[in-house]
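[1] need a 3D model of the sequence below.
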Amino acid sequence: MSAVSEISEGMGAAGGKKPPVMAFAMDPETLETISRVVPGGGKGVEVNEGSIGNAIAALRGGRAPALLIVDITGSASPVSEISALAELCGPATTIRAIGPDNDVGLFRALVAAGVTDYLVKPISGQELRRTMLTANQRDGVTEQAANGLLTAVIGAHGGVGASAIAVGAAWQIANRHKKQVGLVDLDIQFGTASLSLDLDPGTGLRSALEQPDRIDSLFVASAMISCGDNLYVLSGEEPLDHEIQVQAESVDRLIGELKRIFDVVVIDLPRHLVATCSTVLQSANSIALVTDLSLAGLRDCLRIRSSLETLAPDARLSIIANRVGLAKAGEIALGEFEKSLGAKIDFVFPEDPKASKAAINGKPLATGGGAARITESMGGLARIMGGITDSKKSKRNWFKLIRK
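    Sure thing, here's the model as predicted:
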């Protein structure tokens, strides 16, 4: 369940029969942003084209929503209209205003008139999501179940390209299948998820791991770095002279919160943390084990696969041969590798100079060109990790825009 789906359902529960969320915006860009973040249809959620005046007219004689987002653009008396709107809705409605003016005086006047936040255009999906999470906590919404899908990507040994696979799959799920995805790179000192996407790593991951009591929906929304509309990244690049202990309790709590916020959570899990993250792995829907076709890759793949059979017996395990052809002289033939492993290789990613060059420019694997085999394999893996099938649509009716 996404963050905003959680909020809309929770507010519906907290507010009785009131519609959970209503939004009014004037321009196509703002409407489009709101429609991406606020899911429409089926749950009393409405996204409307209109001004604050339209909001007042629509709510006269009707039921006020738990959360109301209004656009004050073009209003001659925005403070007076907000005051009238707040009186009309009553104290049980949280009002968020959006407008074009970055004015501290206006912000204070609007707050005094009844809004709890004011966002300056152009608004981003991350800003809107954060303000909705704040509304969720302010109104004491009951905590929702952690329904997001969880997948872990593990490299059999260093250099097999597990991080590239994790980043590429997360990107595809977010951008091709329009799911909200949280990507976590648990290699807090040498992780490459942010680097691969040309993002600054931030310090949120370390804060979460060292202070698990701080972890909640608002903390996660603030700590994660946005990469487009649907992909959010949590990673680190901490100094090497800092000793950082990754505790199981911290990881469990972090992943649990992420599963409440995102449709899909992808963990880039270093192999030395497999035992530490045993509880997380037990709850995983799928696991991708990435190897090369070397002798060391075979040995380590056997060991990790055996461990996963005990730690995560219910997870769907996909075995991936990556960078095939990079070191032909040292590679075991695919058929012989599978025979020794006692399992089939599910996806093969050949070494491709074009894809490697694209990665230097911050383009995830299978998005910057390269071999058709890479695109095909990444597409299949992303569908497994994202729980996507041809027979049915996503259970979440994402970002339907209702215009009146």
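
[2] only C-alpha atoms from now on, for both contacts and neighbour counts.
    Fine.

[3] how far away is residue 301 from residue 48?
    According to Cα to Cα, to the nearest Å, residue 301 stands 53 Å off from residue 48.

[4] who does residue 185 form a beta bridge with?
    Beta-bridge partners for residue 185, by DSSP bridges, are residue 268.

[5] what about it, neighbour count?
    By other Cα atoms under 10 Å, 26 other residues sit near residue 185.

[6] contact partners for it?
    Residue 185 makes contact with 191-193, 233-236, 267-269, according to Cα atoms under 8 Å, 6 or more residues apart in numbering.

[7] strands - which of the residues you listed land there?
    233-234, 267-269 (DSSP state E).

[8] widest-spaced pair of those residues?
    Using Cα to Cα, the two most remote members of the ones in strands among the contacts of residue 185 are 233 and 269, lying 13.9 Å apart.

[9] the more surrounded of these two?
    The neighbour count for residue 233 versus residue 269, taken as other Cα under 10 Å, is higher for residue 233 (27 against 23).

[10] which residues does the more buried one contact?
    Residues near residue 233 by Cα under 8 Å, 6+ apart: 182-185, 193-194, 224-227.

[11] hmm, try it at 10 Å
    Residue 233 makes contacts with 167, 170, 181-185, 193-194, 197, 199-202, 204-205, 223-227, 266, as judged by Cα atoms under 10 Å, 6 or more residues apart in numbering.

[12] and the strands in the stretch 1-150 of the chain?
    21-25, 46-49, 67-71, 94-99, 117-120, 149-155 (DSSP state E, counting those that start in this stretch).

[13] ok, the nearest residue to residue 60 once chain neighbours are set aside - how many residues close by?
    The shortest distance from residue 60 to any non-neighbouring residue, by Cα to Cα, 6 or more residues apart in numbering, is to residue 88 (7.2 Å). By other Cα under 10 Å, 17 other residues sit near residue 88.

[14] quick one, what contacts residue 88?
    Here residue 88 is in contact with 56, 59-64, 82 (criterion: Cα under 10 Å, 6+ apart).

[15] what is the longest strand of this protein by residue count?
    Longest strand in the chain, counting residues (DSSP E): strand 316-324.

[16] packing partners of that strand?
    strand 149-155, helix 162-175, strand 286-291, helix 295-311, helix 334-341, strand 347-350, helix 372-385 (3 or more Cα pairs under 10 Å, 6 or more residues apart in numbering; DSSP states H and E).

[17] spell out which residues are contacts of both of residue 233 and residue 269.
    What both residue 233 and residue 269 touch, as defined by Cα under 10 Å, 6+ apart, is the set 184-185.

[18] pLDDT weak spots in this structure?
    1-19, 38-45, 130, 132-146, 218, 355-363, 366-371, 390-404 (pLDDT under 70).

[19] show me the domain layout of it.
    By the assignment in automatic domain parsing, the chain contains the domains 3-138, 149-385.

[20] distance-wise, check the nearest residue to residue 381 once chain neighbours are set aside relative to residue 289.
    With sequence-adjacent residues excluded and distances taken as Cα to Cα, 6+ apart, residue 381 is closest to residue 169, at 6.9 Å. Using Cα to Cα, residue 169 is found at 13 Å from residue 289.

[21] so what sits against both of the two?
    residue 153.

[22] spit out the contact partners of residue 224.
    Contacts of residue 224 by Cα under 10 Å, 6+ apart are 126, 182-184, 201-205, 231-235.

[23] look up how far residue 258 lies from it.
    10 Å.

[24] list residues touching both of those two?
    182-184.

[25] dump the residues you listed to JSON lines, plus neighbour count and distance to residue 309.
    Below are the shared contacts of residue 224 and residue 258 laid out as JSON lines (neighbours: other Cα atoms under 10 Å; distance: Cα to Cα, whole Å):
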{"residue": "182", "neighbour count": "29", "distance to residue 309": "25"}
{"residue": "183", "neighbour count": "28", "distance to residue 309": "24"}
{"residue": "184", "neighbour count": "28", "distance to residue 309": "23"}
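
[26] got those as JSON lines, with distance to residue 217 columns?
    Below are the shared contacts of residue 224 and residue 258 laid out as JSON lines (distance: Cα to Cα, whole Å):
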{"residue": "182", "distance to residue 217": "13"}
{"residue": "183", "distance to residue 217": "15"}
{"residue": "184", "distance to residue 217": "15"}
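
[27] out of these, who's nearest residue 78?
    Of the shared contacts of residue 224 and residue 258, the one sitting nearest to residue 78 (Cα to Cα) turns out to be residue 182, at 37.0 Å.

[28] pretty sure the closest one is in a strand, no?
    Yes: counting by DSSP: H, G, I helix; E, B strand; the rest coil, residue 182 is located in a strand.
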